[in-house]
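**Student:** pasting the sequence and the predicted model now:
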Amino acid sequence: MKVNDKAKTIYHADTLDFVRVAIEYCAFLEKSQGRGREDYLDKMLKLLPLLYLKAQLLPQVESEGDFLPQGKVTEDDYNFIRRTAFDILPDEDQYLDVSYDTGMETDETQWKSLSEHMADIYQPLRNFLAVYQDGVEDCMTDALWAVRDNFELYWGDAVVDAMKRLHHIRFANDGDK
(Lines give C-alpha, C1' and ligand atoms only; values in the text may rest on other atoms or scores of the structure.)
Protein backbone atom coordinates (compact mmCIF):
# COMPACT_ATOMS: atom_id res chain seq x y z
CA MET A 1 0.00 0.00 0.00
CA LYS A 2 1.40 3.38 -0.97
CA VAL A 3 1.84 6.07 1.68
CA ASN A 4 -0.88 8.25 0.12
CA ASP A 5 -3.29 5.28 -0.02
CA LYS A 6 -2.53 4.51 3.62
CA ALA A 7 -3.38 8.08 4.65
CA LYS A 8 -6.59 7.94 2.63
CA THR A 9 -7.63 4.82 4.54
CA ILE A 10 -6.67 5.80 8.09
CA TYR A 11 -8.18 9.28 7.70
CA HIS A 12 -11.16 8.16 5.59
CA ALA A 13 -14.47 9.67 6.71
CA ASP A 14 -15.86 6.25 7.68
CA THR A 15 -12.73 5.51 9.73
CA LEU A 16 -12.96 8.83 11.55
CA ASP A 17 -16.68 8.27 12.22
CA PHE A 18 -15.79 4.92 13.77
CA VAL A 19 -13.07 6.57 15.84
CA ARG A 20 -15.56 9.13 17.18
CA VAL A 21 -18.09 6.47 18.19
CA ALA A 22 -15.37 4.28 19.74
CA ILE A 23 -14.15 7.27 21.77
CA GLU A 24 -17.68 7.96 22.98
CA TYR A 25 -18.24 4.30 23.93
CA CYS A 26 -14.95 4.00 25.81
CA ALA A 27 -15.31 7.36 27.56
CA PHE A 28 -18.85 6.56 28.65
CA LEU A 29 -17.79 3.22 30.15
CA GLU A 30 -14.76 4.76 31.85
CA LYS A 31 -17.03 7.31 33.53
CA SER A 32 -20.00 5.04 34.28
CA GLN A 33 -19.21 4.26 37.89
CA GLY A 34 -22.23 5.33 39.94
CA ARG A 35 -24.38 5.99 36.88
CA GLY A 36 -28.08 5.25 37.05
CA ARG A 37 -29.62 2.19 35.45
CA GLU A 38 -31.90 4.06 33.04
CA ASP A 39 -29.15 6.44 31.91
CA TYR A 40 -26.82 3.51 31.27
CA LEU A 41 -29.44 1.52 29.35
CA ASP A 42 -30.45 4.52 27.27
CA LYS A 43 -26.90 5.40 26.27
CA MET A 44 -25.80 1.82 25.53
CA LEU A 45 -28.88 1.12 23.42
CA LYS A 46 -27.89 4.09 21.28
CA LEU A 47 -24.12 3.60 21.18
CA LEU A 48 -23.95 -0.12 20.49
CA PRO A 49 -26.00 -0.15 17.25
CA LEU A 50 -24.05 2.87 16.05
CA LEU A 51 -20.77 1.17 16.89
CA TYR A 52 -21.85 -1.95 15.02
CA LEU A 53 -22.84 0.08 11.96
CA LYS A 54 -19.64 2.14 11.93
CA ALA A 55 -17.48 -0.99 12.29
CA GLN A 56 -19.13 -2.48 9.20
CA LEU A 57 -18.35 0.68 7.23
CA LEU A 58 -14.63 0.60 8.01
CA PRO A 59 -12.55 0.43 4.84
CA GLN A 60 -10.74 -2.80 4.04
CA VAL A 61 -7.05 -2.51 4.75
CA GLU A 62 -4.17 -4.95 4.44
CA SER A 63 -1.74 -5.49 7.26
CA GLU A 64 1.89 -6.43 6.90
CA GLY A 65 1.82 -7.45 10.54
CA ASP A 66 4.91 -5.36 11.28
CA PHE A 67 3.13 -2.86 13.51
CA LEU A 68 0.29 -4.82 15.10
CA PRO A 69 -0.81 -2.98 18.24
CA GLN A 70 0.23 -4.18 21.64
CA GLY A 71 -2.53 -4.43 24.18
CA LYS A 72 -2.79 -1.21 26.18
CA VAL A 73 -5.78 -2.32 28.24
CA THR A 74 -4.57 -3.99 31.42
CA GLU A 75 -6.37 -6.70 33.33
CA ASP A 76 -7.23 -4.05 35.94
CA ASP A 77 -8.72 -1.80 33.23
CA TYR A 78 -10.79 -4.67 31.85
CA ASN A 79 -12.00 -5.66 35.32
CA PHE A 80 -12.90 -2.04 36.17
CA ILE A 81 -15.13 -1.79 33.07
CA ARG A 82 -16.67 -5.21 33.74
CA ARG A 83 -17.26 -4.48 37.43
CA THR A 84 -18.77 -1.06 36.75
CA ALA A 85 -21.24 -2.55 34.24
CA PHE A 86 -22.05 -5.33 36.70
CA ASP A 87 -22.68 -2.84 39.51
CA ILE A 88 -25.22 -0.95 37.38
CA LEU A 89 -27.19 -4.05 36.37
CA PRO A 90 -26.28 -6.73 38.94
CA ASP A 91 -29.53 -8.68 38.78
CA GLU A 92 -29.55 -8.78 34.97
CA ASP A 93 -25.87 -9.47 34.29
CA GLN A 94 -25.92 -13.26 33.95
CA TYR A 95 -28.33 -14.73 31.45
CA LEU A 96 -28.98 -17.97 29.63
CA ASP A 97 -28.61 -17.73 25.86
CA VAL A 98 -30.13 -20.31 23.54
CA SER A 99 -28.84 -20.63 20.00
CA TYR A 100 -29.37 -23.14 17.23
CA ASP A 101 -26.30 -25.06 16.07
CA THR A 102 -26.94 -25.78 12.40
CA GLY A 103 -24.05 -28.24 12.16
CA MET A 104 -25.36 -30.40 14.99
CA GLU A 105 -29.03 -29.49 14.37
CA THR A 106 -29.52 -28.90 18.08
CA ASP A 107 -30.21 -26.06 20.45
CA GLU A 108 -27.24 -24.97 22.51
CA THR A 109 -27.59 -23.10 25.78
CA GLN A 110 -24.86 -21.26 27.62
CA TRP A 111 -24.56 -18.72 30.40
CA LYS A 112 -23.38 -15.29 29.28
CA SER A 113 -22.51 -12.08 31.07
CA LEU A 114 -23.56 -8.61 29.97
CA SER A 115 -20.70 -7.00 31.88
CA GLU A 116 -18.20 -9.26 30.10
CA HIS A 117 -19.71 -8.26 26.75
CA MET A 118 -19.18 -4.60 27.61
CA ALA A 119 -15.55 -5.21 28.62
CA ASP A 120 -14.94 -7.49 25.62
CA ILE A 121 -16.05 -4.66 23.33
CA TYR A 122 -14.12 -2.03 25.28
CA GLN A 123 -10.76 -3.82 25.18
CA PRO A 124 -10.13 -3.90 21.38
CA LEU A 125 -11.63 -0.44 20.95
CA ARG A 126 -9.45 1.12 23.63
CA ASN A 127 -6.35 -0.64 22.25
CA PHE A 128 -7.22 0.68 18.78
CA LEU A 129 -7.77 4.21 20.07
CA ALA A 130 -4.43 4.21 21.92
CA VAL A 131 -2.65 3.56 18.61
CA TYR A 132 -4.66 6.24 16.81
CA GLN A 133 -3.83 8.67 19.59
CA ASP A 134 -0.10 8.07 19.01
CA GLY A 135 -0.53 9.08 15.35
CA VAL A 136 2.07 6.75 13.77
CA GLU A 137 0.50 5.96 10.39
CA ASP A 138 2.03 2.50 9.88
CA CYS A 139 0.78 1.51 13.31
CA MET A 140 -2.60 3.10 12.65
CA THR A 141 -3.01 0.99 9.50
CA ASP A 142 -2.29 -2.22 11.38
CA ALA A 143 -4.56 -1.14 14.26
CA LEU A 144 -7.36 -0.47 11.78
CA TRP A 145 -6.86 -3.91 10.28
CA ALA A 146 -6.80 -5.52 13.75
CA VAL A 147 -9.95 -3.80 15.07
CA ARG A 148 -11.89 -4.68 11.91
CA ASP A 149 -10.63 -8.29 11.94
CA ASN A 150 -11.47 -8.63 15.64
CA PHE A 151 -14.91 -7.14 14.99
CA GLU A 152 -15.62 -9.82 12.41
CA LEU A 153 -14.28 -12.63 14.60
CA TYR A 154 -15.14 -11.63 18.18
CA TRP A 155 -16.41 -8.34 19.43
CA GLY A 156 -19.12 -7.92 16.78
CA ASP A 157 -20.89 -10.90 18.35
CA ALA A 158 -20.48 -9.28 21.77
CA VAL A 159 -22.17 -6.11 20.45
CA VAL A 160 -25.12 -8.10 19.10
CA ASP A 161 -25.44 -10.16 22.30
CA ALA A 162 -25.23 -7.04 24.48
CA MET A 163 -27.83 -5.20 22.39
CA LYS A 164 -30.20 -8.15 22.62
CA ARG A 165 -29.78 -8.39 26.40
CA LEU A 166 -30.05 -4.63 26.97
CA HIS A 167 -33.15 -4.47 24.77
CA HIS A 168 -34.74 -7.22 26.83
CA ILE A 169 -33.84 -5.49 30.12
CA ARG A 170 -35.15 -2.15 28.92
CA PHE A 171 -38.38 -3.22 27.23
CA ALA A 172 -39.42 -6.65 28.57
CA ASN A 173 -40.90 -5.17 31.74
CA ASP A 174 -42.43 -2.04 30.20
CA GLY A 175 -45.86 -3.63 30.49
CA ASP A 176 -45.44 -3.51 34.27
CA LYS A 177 -45.10 0.30 34.30
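**Tutor:** Looks like it came in fine.
**Student:** just to check, residue 154 is in contact with residue 121?
**Tutor:** No. Residue 154 sits out of contact with residue 121 when judged by C-beta atoms under 8 Å, with a separation of 9.3 Å. C-beta: built from backbone N, CA, C; applies to glycine.
**Student:** pick out whichever of these two has more residues nearby.
**Tutor:** Higher neighbour count among residue 154 and residue 121: residue 121, with 28 against 13, using other C-beta atoms under 10 Å.
**Student:** helices or strands up against whichever helix or strand that one is part of?
**Tutor:** Residue 121 belongs to helix 114-134 when assigned by DSSP states H and E. Applying 3 or more C-beta pairs under 8 Å, 6 or more residues apart in numbering; DSSP states H and E, we find helix 114-134 packed against helix 13-30, helix 37-56, helix 75-88, helix 137-150, helix 156-171.
**Student:** which strands or helices does the second one pack on?
**Tutor:** Contact here means 3+ C-beta pairs under 8 Å, 6+ apart; on that basis helix 37-56 packs against helix 13-30, helix 75-88, helix 114-134, helix 156-171.
**Student:** mind putting those helices into a markdown table with mean pLDDT?
**Tutor:** Shown next, in a markdown table, are those (pLDDT from 0 to 100):
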| stretch | mean pLDDT |
| --- | --- |
| helix 13-30 | 98 |
| helix 75-88 | 98 |
| helix 114-134 | 96 |
| helix 156-171 | 96 |
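**Student:** quick one, which of those helices gets closest to residue 45.
**Tutor:** helix 156-171 (5.4 Å; C-beta to C-beta).
**Student:** what's the angle between that closest one and helix 75-88?
**Tutor:** For helix 156-171 against helix 75-88, the angle by axes from the mean of the first three to the mean of the last three C-alpha atoms, to 10 degrees is 20 degrees.
**Student:** tell me which residues in helix 156-171 are buried?
**Tutor:** 156, 158, 159, 161, 162, 163, 164, 165, 166, 169, 170 (16 or more other C-beta atoms under 10 Å).
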